[in-house]
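Give me a 3D structure for the following:
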Amino acid sequence: PDPPPPAPLRRPKVPSPPPTDSLLPPLDQPLPPQGWVSVEGEFVLVLALYQTHLGADLLASPQAAPDDGLIHLTLVRGGISRAALLRLLLAMERGAAPAPSAACPYPAPPSPFVSYLPAVAFRLQPLSARGTLTVDGELVPYGPLQAQVHPSMARVIVGDSAVRVTRF
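Numbers count the residues shown, from 1 in each chain. Sure, this is the predicted structure:
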């Protein structure tokens, strides 16, 4: 018998171009005057999350859903007491989160130092000359940064008996 025909050559997939940040002007340009909320002040912590957890045991954004199309911003202002900040972080660690409020999505008493903002895009512009910024736990250069949600960029399949496809 003749040998089987060679398998057709597979062309490598060409990566798709990255999505366009249609809501964000370049960092050296001002934000549009409409459709943006500006919050200015001294912050000890700014969390910007797409998902619920900051780590395996840290429920940092209980109101987030994989397909909600939002970046969940939690702002903690300077002046918060160490005890109040500790209560907030411990509440995140416990994952004991009731329905969020606009003031504070955590079970700790609402604080004038903690606020929550859902967003589809954001820009962080440090006003001080020095500070620390991390993205996904990695140190990044200190300076302005911005991000935008790009929905439906992935498909996730979970479970083995009841397979469910979620687009986000």
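
ok, the nearest residue to I80 once chain neighbours are set aside - how many residues close by?
Excluding the flanking residues, the one nearest I80 by Cβ to Cβ, 6 or more residues apart in numbering is F113, at 3.7 Å. Every C-beta, even on glycine, is put in place using the N, C-alpha and C of the backbone. By the criterion of other Cβ atoms under 10 Å, F113 has 20 neighbours.

Enumerate the beta-bridge partners assigned to P118.
Here P118 shows beta-bridge partners H72, assigned using DSSP bridges.

Make 685 the starting number, not 1.
Got it, the first residue is 685 from now on, which makes the last one we talked about P802.

for the chain, which spans come out with low pLDDT?
Across the chain, the ranges flagged by pLDDT under 70 are 685, 691, 693-696, 780-794, 840-852.

Centre-most residue in the chain?
With distances taken as Cα atoms, centre = their mean, the residue of the chain nearest its centroid is L733 (2.2 Å).

Could you list everything that residue pairs with in the sheet?
H756.

Same question for L829.
Taking DSSP bridges, one obtains L808 as the residues bridged to L829.

is it true that it touches L808?
Yes: applying Cβ atoms under 8 Å, one finds L829 in contact with L808, separated by 5.3 Å.
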